[in-house]
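> Structural data only, the sequence is not supplied:
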């Protein structure tokens, strides 16, 4: 059974940082592209914030470029999202998703094989 579990969310002040983790089980992470998404209260899930492909390429949406960094550790079956310079508008539930075809993360709605349950990030003073 495949599971993606996000962790690391919480409450942070504007300008602060958080590091989210997405830990996978039941699959070999090497073969998957992993993307991060978010859904703010009362809004639809946004398109992909960033993703890391199975061959090491990365992509960032303009909204997070320069502030967020995605990395992966295939040996630990984990993907990380380092979020810096957080803003109140970054408040959302953050989800990771896995797919064997990274193009599926860039379309909308995204086409992923597996989704995590999400972790709440709140940016507030």
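That came in fine, so what should we check first? Values in this document were obtained by computation on a predicted structure and should not be read as measured data. Numbering: from 1, shown residues only.
> give me every residue that touches residue 100.
31, 32, 33, 54, 113 (Cβ atoms under 8 Å, 6 or more residues apart in numbering). Bear in mind the C-beta positions are built from the backbone N, C-alpha and C, glycine included.
> can you rerun that using 7 Å?
31, 32, 113 (Cβ atoms under 7 Å, 6 or more residues apart in numbering).
> cool, residue 51 as well?
Residue 51 touches 33, 34, 35, 59, 70, 102, 105, counting by Cβ under 7 Å, 6+ apart.
> So which of those are in helices?
residue 105 (DSSP state H).
> out of the contacts of residue 51, which are buried?
33, 34, 35, 59, 70, 102, 105 (16 or more other Cβ atoms under 10 Å).
> and the third one, what are its bridge partners?
The reference is to residue 35. residue 51, residue 97 (DSSP bridges).
> Run through who's touching stretch 55-65.
Residues outside stretch 55-65 that contact it (Cβ under 7 Å, 6+ apart): 47, 48, 49, 50, 51, 52, 68, 70.
> how does it look with 10 Å?
30, 33, 35-36, 38, 46-53, 66-72, 81, 83-85, 87, 89-90, 102, 105-106 (Cβ atoms under 10 Å, 6 or more residues apart in numbering).
> Who wins on neighbours among the contacts of residue 100?
Using other Cβ atoms under 10 Å as the neighbour test, the contacts of residue 100 are led by residue 32, with 27 neighbours.
> which residues touch the residue positioned nearest the centre of the chain?
Centroid-nearest residue in the chain: residue 36, 2.1 Å away (criterion: Cα atoms, centre = their mean). Residue 36 makes contacts with 6, 20, 22, 46, 48-52, 60-61, 64, 68, 70, 79-81, 83, 94-97, 105, 116, as judged by Cβ under 10 Å, 6+ apart.
> How about residue 86?
12-18, 67-68, 121-124 are the contacts of residue 86 under Cβ under 10 Å, 6+ apart.
> Tell me the one of these nearest residue 2?
Nearest to residue 2 among the contacts of residue 86, counting by Cβ to Cβ, is residue 121 at 23.8 Å.
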